[in-house]
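Trainee: quick one, what's the 3D model for this:
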Amino acid sequence: MHYDTIIIGAGMSGLAAGIRLAHFDRRVCILEKHWTIGGLNSFYRMHGRDFDVGLHAVTNYTPKGAKHGPLSRLLRQLRIRWEELELAPQAGSVIAFPDVRLRFSNDIELLRSEIEREFPDQGDNFQRLLDELADYDDLDASNFNGSARQFLSNIIDEPLLVEMLLCPLMWYGNAREHDMDVGQFFIMFRSIFLEGFARPLKGVRLILKLLVRRYRALGGELRLRSGVRRILVDGRRAVGVELEDGQQLFADRILSSAGMVETLKLCDDLAEEQPAVAGQMSFIESISVLDCLPREIGLPETIVFYNDSESFHWQRPVDSLCDTRTGVLCSPNNYLYPEESGTLPEGIVRLTTIADFDRWANLPEAEYVRQKMWWYDRAIASAVRFVPDFRGHVVATDVFTPKTIRRFTSHVNGAVYGAPDKQLDGTTHLENLFLCGTDQGFVGIVGAIVSGISMANMHCLRQA
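Mentor: Residues are numbered from 1 along each chain as shown. So this is what the prediction gives:
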């Protein structure tokens, strides 16, 4: 079987790339090793309840009719109407450090006013930061590297404000420990603070089903339970793939959303894993179902980013399974859903905590189950220092760990944001093997979709 393009992975970036190519009558096949689509951003049903995996928020929100920004661009490229995503904006979020809280929304003026209230001498410096952001080119690789901490410290001379601004940006899109590439900082600042958060009432399943329907309607082929054992290489070119069942498929080019390290491991000519470049940042996430709405117990915020000291520590835990000093608490109830769409049937609180893959992966099964519950309790105890204590209202829970992330994404170390060094042009050592998704450089749902579109345009359509 021969295709114009084989795409490895049916996550957001792979599906978006497939749609873009199928629009132009390319013969495309998307291969997914699991029984369902979405990778980390997926969904499941347990004990009669529907749960999202991965999705806290769709970033880069812009209202209907906006002509600029990643969301508008992907809608045009995929020929999707704004209404089809059914996006409801956030009610408002907060960055919570000891004794200081900064509220923000999809209007940058709220964050500006909060900074001027808490840090009166930083107003002009914050405007300087916004001016710098306006001039940044996301696609200029020469501007990408460098320390975001140093960049911020050169503009903002209040260390606590630097830490507070970094906290949500690192939590929602930083693969590098301790610091952040300045280019990634610009991308995430724009997507979270200048554009903002939104969510469909039906969650990630609406987005995934929309993409799959569009892809199949255009004639694209999607194969589930079709893991790739190896990429077939002839000289400087990838000529096809061998599936785990031994079947071989051939193509003019291959687009992989599996990640840089993971893709290289599949290549005939590069059999050894390169752990030095693999990402380390992984998480546990708990879902707590409540017997009431979060706002009824004093939790109206959409997302709370918290940290329990004036220094924000972003690294894999050095001596334990998890690090509960910082976390993200999200309530999907607290979006501004239109009245006609209804509401979620129950209150939901989702909590994310930094975790160590190796320690979780090496636990015996019985101990693994016990530790999940123990760290659920520890993480909640840490979070309720910053939000109302909701523990008395919990009626059901579920927890997933770095082992879960590894199983559904195949990312080395269960690294949610992939490798720290991004390949912005998507190229690899083979002239017709390209990357899209997390390791190309764009993260989050909108970032992943834009990555798939951009790499399909650049390497599959223009070259052809």
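
Trainee: helices of the stretch 51-200 of the chain, start to end?
Mentor: 70-78, 82-85, 108-118, 123-134, 148-155, 159-171, 182-189 (DSSP state H, counting those that start in this stretch).

Trainee: identify whichever of those lies nearest to C29.
Mentor: With CB to CB, the closest approach to C29 among the helices of the stretch 51-200 of the chain belongs to helix 70-78: 18.6 Å. For glycine as for every other residue, the C-beta is placed from the backbone atoms N, C-alpha and C.

Trainee: now the angle from that closest one to helix 182-189?
Mentor: 90 degrees (axes from the mean of the first three to the mean of the last three CA atoms, to 10 degrees).

Trainee: would you map the strands across the stretch 301-450 of the chain?
Mentor: 303-307, 322-330, 347-355, 394-400, 433-435 (DSSP state E, counting those that start in this stretch).

Trainee: one more: the stretch 151-300 of the chain?
Mentor: Going by DSSP E, counting those that start in this stretch, the stretch 151-300 of the chain shows strands at 198-200, 221-223, 228-234, 237-243, 248-256, 282-290.

Trainee: which residues touch the last one?
Mentor: With contact meaning CB atoms under 8 Å, 6 or more residues apart in numbering, strand 282-290 is reached by 49, 51, 297, 316, 322, 346-357, 360, 372, 375-376, 379-380, 390, 393-402, 405, 413-416.

Trainee: run through the stretch 51-200 of the chain and note the low-pLDDT ranges.
Mentor: 54, 137-143 (pLDDT under 70).

Trainee: pretty sure R391 contacts V384?
Mentor: Yes - under the criterion of CB atoms under 8 Å, R391 makes contact with V384 at 6.9 Å.

Trainee: burial count for A10?
Mentor: 28 (other CB atoms under 10 Å).

Trainee: one more: A217?
Mentor: Neighbours around A217, by other CB under 10 Å: 10.

Trainee: for the strands of the stretch 301-450 of the chain, which one sits closest to G219?
Mentor: Among the strands of the stretch 301-450 of the chain, strand 433-435 sits nearest to G219 (CB to CB), with 21.8 Å.

Trainee: packing partners for that closest one?
Mentor: Counting contacts by 3 or more CB pairs under 8 Å, 6 or more residues apart in numbering; DSSP states H and E, strand 433-435 is packed against strand 248-256, helix 260-266.

Trainee: T326 pairs with what?
Mentor: N307 (DSSP bridges).

Trainee: hang on, isn't it packed against Q315?
Mentor: No - look at T326 against Q315 with CB under 8 Å: they stay out of range, at 10.4 Å.

Trainee: quickly list what's touching both of the two.
Mentor: The overlap between the contact sets of T326 and Q315 (CB under 8 Å, 6+ apart) consists of I354.

Trainee: more crowded one of these two?
Mentor: T326 (21 against 12).

Trainee: what about the more buried one, distance to V443?
Mentor: Separation of T326 from V443 (CB to CB, to the nearest Å): 18 Å.

Trainee: and if you look at L85?
Mentor: Distance from L85 to V443, by CB to CB: 19 Å.

Trainee: higher neighbour count, these two?
Mentor: In terms of neighbours (other CB under 10 Å), V443 is the more surrounded of L85 and V443; the figures are 25 against 19.

Trainee: how near is the more buried one to G437?
Mentor: On the measure of CB to CB, V443 and G437 end up 9 Å apart.

Trainee: between the two, which contacts overlap?
Mentor: Joint contacts of V443 and G437 (CB under 8 Å, 6+ apart) are G418.

Trainee: circling back to that earlier point, now restrict the contacts of strand 282-290 to buried residues only.
Mentor: 51, 297, 316, 322, 347-357, 360, 372, 375-376, 379-380, 390, 393-394, 396, 398-402, 405, 413-416 (16 or more other CB atoms under 10 Å).

Trainee: neighbours of the closest residue to Y337 other than its chain neighbours, how many?
Mentor: Nearest non-adjacent residue to Y337, counting by CB to CB, 6 or more residues apart in numbering: A88, 4.5 Å away. By the criterion of other CB under 10 Å, A88 has 19 neighbours.

Trainee: surely A10 meets L222?
Mentor: Yes - under the criterion of CB under 8 Å, A10 makes contact with L222 at 6.3 Å.

Trainee: shared neighbours, the two?
Mentor: I30, E32, I37.

Trainee: how much space separates Q247 from A16?
Mentor: 26 Å.

Trainee: no wait, L293
Mentor: Distance, L293 to A16, using CB to CB: 34 Å.

Trainee: how is this protein divided into domains?
Mentor: What automatic domain parsing lists as the domains of the chain is 2-50+204-277+419-461, 93-195, 280-409.

Trainee: quick one: which of the ones you listed is nearest A66?
Mentor: Of those, the one closest to A66 (CB to CB) turns out to be domain 93-195, at 9.2 Å.

Trainee: find the nearest non-adjacent residue to D52, please.
Mentor: G203 (4.2 Å).

Trainee: that neighbour against L55, yeah?
Mentor: Yes - G203 is within contact range of L55, at 5.9 Å (criterion: CB under 8 Å).

Trainee: of those two, who's got more company?
Mentor: For G203 and L55, the more surrounded residue by other CB under 10 Å is L55, and the numbers stand at 23 against 20.

Trainee: spatially nearest residue to that one (excluding sequence neighbours)?
Mentor: Spatial nearest neighbour of L55, excluding adjacent residues (CB to CB, 6+ apart): V204 at 4.1 Å.

Trainee: how close does that neighbour sit to P89?
Mentor: Distance of V204 to P89, computed by CB to CB: 17 Å.

Trainee: likewise for D421?
Mentor: 34 Å.

Trainee: between the two, which has more neighbouring residues?
Mentor: P89 (21 against 14).

Trainee: contacting residues around that one?
Mentor: Y61, P63, N106, G196, F197, A198, Y335, L336.

Trainee: quick one on the thing from earlier: tell me the most buried of the domains of the chain?
Mentor: domain 2-50+204-277+419-461 (a mean of 21; mean count of other CB atoms under 10 Å).

Trainee: for that domain, measure first residue to last.
Mentor: Terminal residues of domain 2-50+204-277+419-461 are spaced 17 Å apart (CA to CA, to the nearest Å).
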